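In: Output the structure for:
(chains A, B and C)
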Amino acid sequence: METLLQQTVNGLVVGSVYALVALGYTMVYGILGLINFAHGDILMVGALVALEAIRLLQIYAPDLGLIPTLLAGLSVSVVVCMLLGFTIERTAYRRLRNAPRLAPLITAIGVSFLLQTIAMIIWGRNYHTFPQLVSTAPMEPLAGVFITPVQVTILVVSAVLMVALMLLVHKTRLGRAMRATAENHKVASLMGVDTNKIIAATFIIGSALAAVAGVMFSSNYGIAHYAMGFMPGLKAFTAAVLGGIGNLGGAVLGGLVLGLVESIGAGYIEDMSFGFLNSSYQDIFAFLILGIVLIFRPTGLLGERVADRA
Amino acid sequence: MNELANAIPWLGKRNPAAARWVVIALALAAPLIAMLFGKSWVRILDFALLYVMLAIGLNLVVGFAGLLDLGYIAFYAVGAYTFAFLASPHFDLHLPFWLVLPLGAVFAALAGIILGLPTLRLRGDYLAIVTLGFGEIVRIFMNNLNHPVNITNGPQGINMIDPLVLFGWDISRPLKIGEEISVNSLFLYYYFFLACVVGSIIFVQRLQVSRVGRAWAAIRDDELAAKAIGINTRNMKLLAFALGATFGGVAGGLFAAFQGFVSPESFSLMESIAVLTMVVFGGMGNLAGVVVGALVLTALPEILSTWPYRCSRPCSDRCCWIRKCCGCCSCHWR
Amino acid sequence: MKHRLVAVAVLAIGASAAHAQEVVRIGATAPLTGTQAHLGKDIENGVRLAVEEYNARGVTLGGRKVKFEVMAEDDQADPKTATTVAQRFVDSNVKGVVGHLNSGASIPASRIYNEAGVPQVSPASTNPKLTQQGFKATFRTIANDVQQGLAIGKYAATVLGSKVAVIDDRTAYGQGLADEVVKAVKASGGAVVSREFTSDKATDFAAILTKLKAARPDVIVYSGMDAQAGPMLKQIKQLGISAKFITGDGGCTGEIIKLAGDAITSSAYCTQPGLPLEKMPGGKNFNERFKKRFNADVQIYAPYAYDAASAIIEAMKAANSAEPAKYAPQIAKVSFPGVIGTVAFDARGDIKDGAVTVYQFKAGKWEPVQ
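Out: This next block holds a predicted model:
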């Protein structure tokens, strides 16, 4: 029982990072119908920029407290990622908006590798130690379940950001414009929505979320690395598909479900398969879910959109 | 034959016949020219031909039928592992290659159909992501199927794979002509691979102008319209997957025999993307283009890593990419 | 940078003066870029030091004075690149090769060396398969995974506690070593209570560690690299697991200490084939020479690379020839006092009496136990 509870907590922590990243995927897909492969790498850039900023701060402003340092590092990385997201949209995707469907997707893969390579040139291939400004020492176990302050922070921050994004999309003028653009570009622009601006705003918001996710990811595991964004990116995409791509609530649900499936799956697959499979198949769950959902229920759990957008 | 001429942009238009002969002469003489710079270049050429086969196969799927496949390397893996299972000490089977290679192609084609059947309803980017998952699943299974029953030997890979033996003639050994002349096995592999590549090109070229090729083009351009004019889109797409996979399977088998060792790390997602890059770089759907794309993208990193001079003092990664100014190490495109 | 330029100038002068003598090239290959670049560099420098010292002393083969030259190549820890590098060595008429670091690179490359008849002495590849292929001129100066796995398993099961959990990273190295550990644990009367798997790209181990926690192991064996072992130690602490931790040479580095931060304690152990540098017969002296020459610390493999190069040159001296066909059989017969101890090979080509040392984390660094 203790083990199951602990696995649930593990799954929720991982899942909420997936969910944050999935929100970015789902927003972009909802509006452009584009799988932004580079989104996971923006997470990586976010983490590494924050790392660099925090390092500098620790040298030049050592008296700043832990939390202010972290917040400052985070803000720098959020701003950098927003700029990055904007630039990518502007230079790589905008001119392909009316191109055949394969072109933007291949471009997105290219952008992803470009970001990784640039990060590798700047930060090298080694794993970096990410400063642990929020404690990672476990707190007093509750019902045998261990959780650390940084994990609690992750859960809280994710929840707050998700709610904030929902409010933004459903209650503000910008949000209404975004939804209109998602529904139909041309009609939206006829109604006086500057769709270019709205699409840029979507990329900027998505990138900011990825930057936060990156910083949280690195704070939790204490490492940062030029290729760290790829797997979480892919998993987050799975989460977005699972929840119904284009649907914000679905992305959150998908992220949490995927986190739980991975964690509980890795914990119990050996017993369930009578010892034939084992935890080495942990990474397969995401891909299997992805395949099964797309094949049997392309709309995902909460999806209302039709997946068939060729 | 026009494809041959197209490979040379300027001459091809003015004087196709001359261009054709230039291409043929170049293909035949390439290993001899490469030899001037060392045998390692002949080996690189051999690998380049394998990539050409892969690119031709992927081009069938992506370029002709318009189905973006990001897990293509899985078929390469199926071919390579089939060869490794049936012609190595691993299961103590040593079947001849003319049996193993077609079997690898058949298994790869089957894998293509298995992947194709459920995913046919998906289009564009969804298909891409499912195939990506498929590729990873295949790799993960190859990496882990050594427990509880040892099938693939897991991450250790399979070693000591039999070389190609053509009618009792082992082409991994130098060919001795008389007393004096000995032809290195790298050359023998080169010409064997070249024969395979030429066969593939002719086959694909005929296919492209056939009913099937036209059907694929129709599906790529507009699936609904293709359906409306009576094309069985399902079967045609399956055929594209299966045929594309076949090329991957054959190339995989040749790779296994050439390298003598297969392990799951050779079949990573990066390889899929590398092959896709070759196809895109050469021009999707353009046969001559993908061949050139594959050759250039295999050779270029090797050339860049040794040019302008070989340097024995390596340096850090950071410096590597700007090494032209600090004059250090060799670094490779991965 | 200045130092580098000076060094280049010196090398250039050295190279131009060398034409008078017969030049014998020795290949040195390892990953010189990438995450293992520091280890690869260590190997290259070890070979360089050996070659420079032999050159300084002067070696005469077949009546002619010879000058040894190092040809260093980057194999990127990649099997395919390794075969290309091997071919390049053969093309360049290299007489003997010291390399590669990774077994995954060594094994396919060894085929090419074997076909060309060029002797290969690996200073770092520990996979038992390397020397089991039946190649006559494939050697290594480091203890293999069977020996290391035995040491880890025995130490874990008899000293650290009887209930052992084993995790590996599903690489050729990690899985091979882990299987040997499992065998050794059982042979020493311990029990493997949990066998888990992760990957060499993973960062999150919470799920497998939670599962393993339920089996209440006394000790966790991780068979993989430092980049995963560091974060894993952190998560072991986060999940409140009190088991001891031991890892093989892949995690026996300074990097793991950095990555694990405050989560690494004196209950962390690691093993390293060979004796610690200060306990090697020629270790202290070697360290000084190495530092003086390269202005860098010995990472791990430099002494093994040094002895590997020495073994090749000693065999050439014994055969009085630098021709591989003539001197290769002599490598199997060498027996000389090297840095790591007596360098001599068994029938397969493995180093005789390969030692394995256990280290414990103490006061910020790895300290040899006993």
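In: Next, see if the longest helix along chain A gets close to chain B.
Out: Ranked by residue count, the top helix of chain A under DSSP state H comes out as helix A:2-32. No - contact of helix A:2-32 with chain B (CB under 8 Å from any CB of the partner chain) is absent, the minimum separation being 8.7 Å. In short, each C-beta sits where N, CA and C put it, glycine included.
In: got any ranges where the stretch 151-300 of chain C has weak pLDDT?
Out: For the stretch 151-300 of chain C, applying pLDDT under 70 flags no range at all.
In: May I have the secondary structure class of C:Ser106?
Out: Assigned with DSSP: H, G, I helix; E, B strand; the rest coil, C:Ser106 falls in the helix class.
In: before we move on, the earlier item: ok, and for the longest helix of chain A, which residues are buried?
Out: A:3, A:6-32 (16 or more other CB atoms under 10 Å in any protein chain shown).
In: Give me the spatial nearest neighbour of B:Ile229, chain neighbours excluded.
Out: B:Ala218 (7.1 Å; CB to CB, 6 or more residues apart in numbering or on different chains).
In: contacting residues for the one you found?
Out: With contact set as CB atoms under 8 Å, 6 or more residues apart in numbering or on different chains, B:Ala218 has these partners: B:Ala225, B:Ala226, B:Ile229, B:Ile231.
In: try B:Lys13
Out: Per CB under 8 Å, 6+ apart, neighbours of B:Lys13: none.
In: The residue located most distally from the centre of chain A and chain C: what is the separation?
Out: Ranked by distance from the centre of chain A (CA atoms, centre = their mean), the top residue is A:Phe274, with 34.3 Å. Distance of A:Phe274 to chain C, computed by CB to the nearest CB, to the nearest Å: 15 Å.
In: May I have the secondary structure class of that residue?
Out: Applying three-state DSSP to A:Phe274 yields a three-state assignment of coil.
In: Give me the phi and psi angles of it.
Out: A:Phe274 adopts backbone torsions of phi 60, psi 40, taken as degrees, to the nearest 10.
In: Now do the helix or strand in which C:Asn45 is found: which elements does it pack against?
Out: If you go by DSSP states H and E, C:Asn45 is part of helix C:37-57. If you count contacts as 3 or more CB pairs under 8 Å, 6 or more residues apart in numbering or on different chains; DSSP states H and E, helix C:37-57 packs onto strand C:22-30, strand C:64-74, strand C:96-98, helix C:283-294, helix C:302-319.
In: quick one: contacts for C:Lys154?
Out: C:Ala184, C:Val185, C:Ala187, C:Ser188 are the contacts of C:Lys154 under CB under 8 Å, 6+ apart.
In: Neighbour-wise, give me the winner out of the residues you listed.
Out: Within these, most neighbours by other CB atoms under 10 Å in any protein chain shown means C:Val185, with 28 neighbours.
In: from memory it sits against C:Gly153, does it?
Out: Yes - counting by CB atoms under 8 Å, C:Val185 does reach C:Gly153; the two are 4.3 Å apart.
In: Nearest to chain C within chain A, name that residue for me.
Out: Of all residues in chain A, the one sitting closest to chain C is A:Ser280 (3.4 Å; CB to the nearest CB).
In: Same check on the stretch 101-250 of chain B?
Out: B:Pro155 (4.6 Å).
In: And the pLDDT for that residue?
Out: If you check B:Pro155, the pLDDT there is 88.
In: cool, and C:Arg25?
Out: 93.
In: Give the burial count for it, as a bare number.
Out: Using other CB under 10 Å, C:Arg25 is surrounded by 18 other residues.
In: What is the burial count for the residue nearest to A:Leu20 when sequence neighbours are not counted?
Out: Among residues not flanking A:Leu20 along the chain, A:Ala213 sits closest, at 4.1 Å (CB to CB, 6+ apart). Using other CB under 10 Å, the number of residues around A:Ala213 comes to 32.
In: Contacts only, for A:Ala213.
Out: By CB under 8 Å, 6+ apart, the contact set of A:Ala213 is A:Val17, A:Leu20, A:Val21, A:Leu43, A:Gly46, A:Pro232.
In: now these as TSV including pLDDT?
Out: Listed next are the contacts of A:Ala213 as TSV, based on pLDDT from 0 to 100:
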residue	pLDDT
A:Val17	92
A:Leu20	92
A:Val21	93
A:Leu43	96
A:Gly46	96
A:Pro232	90
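In: Leaving out sequence neighbours, find the closest residue to the closest residue to chain B within the stretch 101-250 of chain A.
Out: Residue nearest to chain B within the stretch 101-250 of chain A: A:Arg101 (4.2 Å; CB to the nearest CB). Counting by CB to CB, 6+ apart, A:Arg101 lies nearest to B:Gly124, which is 4.2 Å off, once chain neighbours are set aside.
In: thinking again about what came up before, tell me the spacing between the residue nearest to B:Ile229 and chain A.
Out: Taken as CB to the nearest CB, the span from B:Ala218 to chain A is 14 Å.
In: Which helix or which strand is home to that residue?
Out: Counting by DSSP H and E, B:Ala218 is found in helix B:211-221.
In: what residue ranges in the stretch 201-310 of chain A score low on pLDDT?
Out: A:303-310.
In: how about the residues of it near chain B?
Out: Near chain B, when you scan the stretch 201-310 of chain A using CB under 8 Å from any CB, you find A:234, A:237, A:241, A:275-276, A:278, A:280-281, A:283-284, A:286-288, A:290-291, A:294-295, A:298, A:307-310.
In: How about the stretch 51-200 of chain A?
Out: Near chain B, when you scan the stretch 51-200 of chain A using CB under 8 Å from any CB, you find A:Arg101, A:Leu102, A:Leu105, A:Ile106, A:Ile109, A:Phe113, A:Met120, A:Ile121, A:Ile122, A:Gly124, A:Arg125.
In: Which ChimeraX command selects the buried ones in those?
Out: Selecting only the buried entries of these in ChimeraX, with 16+ other CB under 10 Å as the criterion:
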select /A:101,102,105,106,109,113,120,121,124,125
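In: hmm, back to that, which residues do C:Val185 and C:Gly153 both contact?
Out: Common neighbours of C:Val185 and C:Gly153 (CB under 8 Å, 6+ apart) are C:Val164.
In: and the closest residue to C:Ile312 other than its chain neighbours, how many neighbours?
Out: In space, and not counting its chain neighbours, C:Ile312 is closest to C:Gly96: 3.9 Å by CB to CB, 6+ apart. Number of residues near C:Gly96 (other CB under 10 Å) recorded here: 28.
In: which parts of the stretch 101-250 of chain A sit against chain C?
Out: So far as CB under 8 Å from any CB goes, the stretch 101-250 of chain A lies against chain C at A:125-127, A:129, A:132, A:136-138, A:141, A:146, A:148, A:151, A:217, A:221-223, A:225, A:227-228, A:231.
In: which ones among the residues you listed are found in strands?
Out: Counting by DSSP state E, these place A:Thr129, A:Ile223 in strands.
In: filter the residues of the stretch 101-250 of chain A next to chain C to the buried ones?
Out: By neighbour count, with 16+ other CB under 10 Å, those hold A:125-127, A:129, A:132, A:136, A:138, A:146, A:148, A:151, A:217, A:221-223, A:225, A:228, A:231 as buried.
In: wait, what's in contact with residue 48?
Out: No chain was given, so I picked chain A. Contacts of A:Leu48 by CB under 8 Å, 6+ apart are A:Ala119, A:Ile122, A:Trp123, A:His128, A:Gly214, A:Ala224, A:Tyr226.
In: switch to chain B, that's the one I care about
Out: B:Ala294, B:Leu295, B:Thr298, B:Ala299.
In: Leaving out chain neighbours, which residue sits closest to the last one?
Out: The one in question is B:Ala299. Nearest to B:Ala299 is B:Ala48, by CB to CB, 6+ apart, at 5.9 Å.
In: Kindly report the residues of the stretch 151-300 of chain C close to chain A.
Out: So the stretch 151-300 of chain C meets chain A at C:170, C:195-199, C:201, C:203-204, C:206-208, C:210-211, C:213-214, C:227, C:230-231, C:234-235, C:237-240, C:255, C:258-259, C:261, C:263 (CB under 8 Å from any CB).
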